[in-house]
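In: just to be clear, the model below is a prediction. Sequence and coordinates:
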Amino acid sequence: MTAGSILLVDDDEHSLHALRAVLAPLGQRMCTARSGEDALRWLLREEFAVILLDMRMPGLDGLQTAAYVNARARTRHVPIIFLTAHAEDVEQVFRAYAAGAVDYVVKPFNPDVLRSKVAVFVELQRERGERVREARARADAEAIAGTLQLHLLPERLPRLPGLAMAARYRPSERAAQVGGDWYDAIELPGDRVGLVIGDVVGHGVQAATLMGELRAALRAYAVAEPGSPAAALELLNALVARTHKSRMVATLLYMVVEGDGARVRFASAGHLPPLLMDADGATRFLEHRGSPPLGIEERAAFAEWEGELAPGSTVLLYTDGLVERRGETIDAGLERLRTALGAGPADLEELCSHVLDRAAGDGRDRVGRMRDDVALLMVRLEGAPQRALELDLPAEPASVPVVRHRVERWLAETGGGGDDVFAINLAVSEICANAVEHAYGPGPGHTFHVRAGRTGEEVVIQVSDSGRWRPPRGRRRGLGLRITEQLMDAVDIRRSASGTIVRMSKAPVADQGKAPGADEELSGP
C-alpha cells in the first residue's frame, strides 16, 4: 500500500476516468471499484486516506456501503466524500453524514475544488501515519528504558548482622514518563553498607541511561572512599560536571551505615532529607546543610551528617515522586509521608508497602495514572537480641490459642518471622496440643512450659512438660509430630523420667542450612 492511497467507487466507467484525471496531479495511488461490494473487498486488503463514493449504485448503494465502512473498527476512521449527480440526493445529506461522510460533491464537480478537498485528507492521513509511527517508536524506546531501569536496580539487598533492609520501585504509569529514579545498596569494606537514593531530572531513555552511568560511577567511588559519603559525592560531582555539564541535573543522597548499625553518615546533592522513625514510633527528618544537585558546580563541597541510631530505629530514603503533588506545597507531602511512616505496621516489608501506598497513592493524573516514578529504601537497626518469651500455662485445650497468640506477637516484636509466621505458629500449636492431650492423665494442676528465643535470624522454640506422653491412639493419631517436622527446619524430642522437651528451630529461607545453634540460646526447660 502506498501512503495516501485513494479509493474511487462509482459504477460509471466515465466518471471513474474523470476522477482519475482530476486527482492525478496529487501523485497518489488510486484504486477503483465499480460497486459497493468491490469497495468493501478493497478495504479488507488495504488502508486508504480517503474514499470517493457515488451515492447511486446497483446492489449496495453509497449509503449502505458507507454504513458498512463506518461499522468496521479498522475502517471507520477513513473519511468518505459522497458524489452525486441527482438534486434529490442532496436532501439526503443528513443521512450521508450519519453514514460516515465528511463531505459531498455534486456532479459536474469543479476539478480544483475536488482536488483540494481530497488533498486535505491525504495530508491528514500522512500526518496520522507519522504520529502512529512516532508513538510506536516512542513506546518501544520507553519499554527499553523501563527494562534498563529495572535491570539497574539491585537484584537483592545485602544482609548484615543487626540490619534489616527493604526497598520498592514503582514506575510511572504513563508510557512517556519512564524516569531516572533509583536506589542502590553497596557492600563496602570494613563491614559497612552504602545506601543510595537518586533521581535524574527528566524522563525517557536519556534519563534512564544517565541513571545507569551515575549508579556505576558511584559504586566505584563508594569503594574508593568507604567511610566518607561526602568524599564519594565530590568525586561523582566532578565527573558529572566535566562530562555532562548542563545536560544533566540529578539529585542524590548517599548514606554509609557501619556494620553494627549504630554509626550513620550521609551527604546530599540537592536531595530530600532522610526520615527517621525511633523505636517508639516518633518520626523526624534528618535535616542538614545540603549542596546543589550534581554537576551544577565542578568544585562543590558536600557537608556530611553524622550520628548514632538507637536499636529499633528505621531510616527511610525516598525520591520526590513520593511526596510531590501538583497544587500543594512540598511541606504537605513531607508531612503526609511522616504520618504514613509513623502509622505503619511493624514488619519492615509490610511497612515499605504501606508507606508507598499511603504517601504515593494519590499522585495520579486525571485519567488515574501515576504521574511520576517513585523509589524508596528503608533500613532498620535491629540491635541486640530481644529477650526470650517465657510462658507457664495449665495443660488445658484453652491454653493452646493463648500460646499461638503470644508467639505471634513475640515474633512481630522481635523482628518478625516473615512468611514463616504461619508455619511456626502451626507447629507450636501441634506440639502444645500434644503436651495437653498426651502428657498427663485426668486431674487438675498440670502445666506445660513454652520458651521462644532467637539465635541471630533463627527462631528456636521449646515446649516442655513434666509428664510422660502416651502412645498415639487410633489410625490418624500422631500426625502432629509429622506435621511439625515438615513445617520446621529441625525438631528434637527428648524424653526422660522427668518429662518431655521438644525443641524446634526455623530460619528464614535465605538462612536455611546454617547450624541451628539452639543449645547456646536455650539451655534448659
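Out: Looks like it arrived, so ask away.
In: please identify the helix or strand for residue 195.
Out: Secondary structure assigned from DSSP states H and E places residue 195 in strand 192-203.
In: may I see the buried residues of the host helix or strand of residue 410?
Out: Of the helices and strands defined by DSSP H and E, residue 410 is found in helix 399-413. Of the residues in helix 399-413, those with enough neighbours to count as buried (16 or more other CB atoms under 10 Å) are 399-400, 403-404, 406-408, 410-411. Using the backbone N, CA and C atoms, a C-beta is placed for each residue, glycine as well.
In: quick check: residue 341 touching residue 356?
Out: No: the pair formed by residue 341 and residue 356 falls short of the contact definition of CB atoms under 8 Å, at 10.9 Å.
In: any chance of a markdown table for the buried residues of helix 399-413, columns distance to residue 109 and pLDDT?
Out: Output for the buried residues of helix 399-413, formatted as a markdown table (distance: CB to CB, whole Å; pLDDT from 0 to 100):
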| residue | distance to residue 109 | pLDDT |
| --- | --- | --- |
| 399 | 97 | 89 |
| 400 | 93 | 90 |
| 403 | 93 | 90 |
| 404 | 88 | 87 |
| 406 | 91 | 84 |
| 407 | 89 | 88 |
| 408 | 84 | 84 |
| 410 | 89 | 84 |
| 411 | 85 | 84 |
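In: go through those and say which is closest to residue 280.
Out: Proximity of the buried residues of helix 399-413 to residue 280, judged by CB to CB, is greatest for residue 410, which lies at 18.5 Å.
In: elements contacting the helix holding residue 410?
Out: strand 389-394, helix 421-438, strand 447-455 (3 or more CB pairs under 8 Å, 6 or more residues apart in numbering; DSSP states H and E).
In: dump the residue contacts of the most centrally placed residue in the chain.
Out: When the chain is reduced to its mean C-alpha position, the closest residue under CA atoms, centre = their mean turns out to be residue 170, at 3.4 Å. With contacts defined as CB atoms under 8 Å, 6 or more residues apart in numbering, the neighbours of residue 170 are 321, 356, 360, 370, 373-375.
In: which of those sit farthest apart?
Out: For these, with distances taken as CB to CB, the pair at the greatest spread is 370 and 375 (12.7 Å).
In: quick one: common contacting residues for those two?
Out: In contact with both residue 370 and residue 375: 170, 321, using CB under 8 Å, 6+ apart.
In: which parts of the strand holding residue 195 are buried?
Out: In terms of neighbour count (16+ other CB under 10 Å), strand 192-203 has its buried residues at 192-200, 202-203.
In: ok, those residues vs residue 445, which is closest?
Out: The nearest member of the buried residues of strand 192-203 to residue 445, counting by CB to CB, is residue 193 at 53.4 Å.
In: do you know how far that closest one is from residue 257?
Out: Separation of residue 193 from residue 257 (CB to CB, to the nearest Å): 5 Å.
In: pull up the overlap in contacts between those two.
Out: For the pair residue 193 and residue 257, residues contacting each of them under the criterion CB under 8 Å, 6+ apart are 163, 379.
In: on that earlier part again, neighbour-wise, which of residue 341 and residue 356 wins?
Out: Set side by side, residue 341 and residue 356 show unequal neighbour counts under other CB atoms under 10 Å, the larger going to residue 341 at 22 against 19.
In: which ones are touching the more buried one?
Out: With contacts taken as CB under 8 Å, 6+ apart, residue 341 has the following neighbours: 275, 277, 283, 314, 316, 351, 355.
In: try residue 153
Out: For residue 153, the contact set (CB under 8 Å, 6+ apart) comprises 167, 169, 182-184.
In: I'd say residue 268 and residue 293 touch.
Out: No: assessed by CB under 8 Å, residue 268 is found out of contact with residue 293, at 9.7 Å.
In: any common contacting residues for these two?
Out: By the contact definition CB under 8 Å, 6+ apart, residue 268 and residue 293 are jointly contacted by 251-252.
In: the two: who's more crowded?
Out: Relative neighbour count places residue 268 above the other of residue 268 and residue 293, with 27 against 22, counting by other CB under 10 Å.
In: which SSE is the more buried one in?
Out: Per DSSP H and E, residue 268 falls inside strand 263-269.
In: what's that strand in contact with?
Out: Under the criterion CB under 8 Å, 6+ apart, residues 227-230, 232-233, 236-237, 250-258, 274, 286, 288, 290-294, 300, 302-309, 315 lie in contact with strand 263-269.
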